[in-house]
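Colleague: 3D, please:
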Amino acid sequence: MKIKKALKEKNKLVAKLATDFAKVHTYNSVEEGSEVPYDPRVALDSAIKTMEELIALKTSIHKANSKVYDKIFRMAELKSLIKQIRAISCDSGKTSDRWSRETPIIKTAVISILERDALITKFELEIEQIQEELDFHNSKTNV
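Modeller: Modelled structure (predicted):
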């Protein structure tokens, strides 16, 4: 199986695990006389089995990705960096707060909004390039 397909299978297993645990949590302790459409023991057994499958699949994916970890880690860090850069305030000039101060606040930004946006664009382009490389890897590499 190719990594691309394995990743889709992993997502299905994660969803199944969540569904199984939802059944356990919902139907394990119910008001006496209530209808219980799912047996919590069966759902828990299913969750444990699914977890074992998930561990095996994640391990296979992990081993198959060893050659591209640098790209995976770089992309994750770039996404985190973009999030931090987006949060930089670039306010300049007169501003007022919601409590209407008598004297307006004058702000000066060291990093301009244009610089901030250019950095974001630069890093987003790099992420797209890395993603294309990973997509190719995922479509050609077996787990």
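Colleague: Need phi/psi at T108.
Modeller: phi -130, psi 130 (degrees, to the nearest 10).
Colleague: for F21, same thing?
Modeller: phi -70, psi -30.
Colleague: What sits closest to it if chain neighbours are left out?
Modeller: A47 (5.5 Å; CB to CB, 6 or more residues apart in numbering). In this view, the C-beta of every residue, glycine as well, is placed from N, C-alpha and C.
Colleague: Domain parsing of this protein, as residue ranges.
Modeller: 1-64, 68-143 (automatic domain parsing).
Colleague: right, so the ones you listed: which one is the most enclosed?
Modeller: With neighbours taken as mean count of other CB atoms under 10 Å, the domains of the chain reach their highest mean count in domain 1-64, at a mean of 14.
Colleague: pLDDT of that domain, averaged?
Modeller: When pLDDT is averaged over domain 1-64, the result is 97.
Colleague: And it, how far out from the chain middle?
Modeller: 19 Å (CA atoms, centre = their mean, to the nearest Å).
Colleague: Equivalent analysis for stretch 72-91, please.
Modeller: Using CA atoms, centre = their mean, the mean C-alpha position of stretch 72-91 is found 14 Å from that of the whole chain.
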